[in-house]
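# I would like the atomic coordinates for the input below:
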Amino acid sequence: MSGEDSLGSLLDVQDARLVVIHDAWTGYSHHSPIAGVWELRRVASGGLDGEGRLSTAIARERVVDVTIPATRTKRFLNAIARARVVAGPYEPLMEHTDDFPCIEIALHVRARSMMRPGGIALLFTASQGEFHAPWGAFVGGRVLTIPGEELGRAYAALDVQLKRSTIDRMMKEADKGGVAR
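Below you'll find the predicted structure:
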């Protein structure tokens, strides 16, 4: 591995057939922990379809249907493929208290031939900040660091499709004493 490899040069992440996202946050909020888990499968159109399970400590879990169109899926996976990786252990950026994110994105890539092996890329972060940089990665048995914001930006661009605003509604409903469904 050279010093300037991209994630896509290590695994054909643009060909991911299954994307599993686990996004949890803990802190001093009475809603903590707050979590979302999405399981998304590639469909014939090139997009991703599946469901998400959203929960907080005091709101009932809500299941949402998710559809990510082919163009947005391609942008997401291309951004991941272009992310620069460097060899070495991951160390999260922690600048303050009461903010403990934990995001994991697993990309399952099927093997196409001996020249294009498949595998799993596990991208993860516990870094604070808007785009949670730096990120770490396990790819092909190697531990890598992704120093830039590409992954966080690509993930944030999916907020609408992942229906992340549902979590905010769930918390407001639970605080009002209503049923958070």
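# where in this structure is pLDDT low?
Within the chain, the segments meeting pLDDT under 70 span 1-4, 113-116, 178-181.
# that one: helices as residue ranges?
7-10, 70-82, 150-156, 165-175 (DSSP state H).
# deepest of these, which one?
helix 150-156 (a mean of 20; mean count of other C-beta atoms under 10 Å). For the C-beta atoms, the positions are set from N, CA and C on the backbone; glycine is no exception.
# related to what we said a few turns ago, closest one to Val19 among the helices of the chain?
helix 70-82 (8.4 Å; C-beta to C-beta).
# coming back round to it: can you lay out the helices of the chain as CSV showing distance to Thr125?
Shown next, in CSV, are the helices of the chain (distance: least, C-beta to C-beta, whole Å):
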stretch, distance to Thr125
helix 7-10, 14
helix 70-82, 13
helix 150-156, 7
helix 165-175, 18
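# between the ones you listed, which one is closest to Arg60.
Per C-beta to C-beta, nearest to Arg60 of these: helix 165-175, 7.8 Å.
# other SSEs contacting that closest one?
In this structure, helix 165-175 makes packing contacts with strand 34-42, strand 48-55, strand 62-68, judged by 3 or more C-beta pairs under 8 Å, 6 or more residues apart in numbering; DSSP states H and E.
# out of the helices of the chain, which comes closest to Asp23?
helix 150-156 (8.3 Å).
# that closest one: how far from the chain's middle?
Offset of helix 150-156 from its chain centre (C-alpha atoms, centre = their mean, to the nearest Å): 8 Å.
# residues in contact with Val37?
Residues near Val37 by C-beta atoms under 8 Å, 6 or more residues apart in numbering: 20-23, 52-53.
# beta partners for it?
Val37 has these beta-bridge partners by DSSP bridges: His22, Arg53.
# going forward, begin numbering at 57 instead of 1
Done: numbering now begins at 57, and the last item shifts to Val93.
# contacting residues for Arg166?
71, 73, 174.
# give me that answer again for 7 Å
By C-beta atoms under 7 Å, 6 or more residues apart in numbering, the contact list for Arg166 reads 73, 174.
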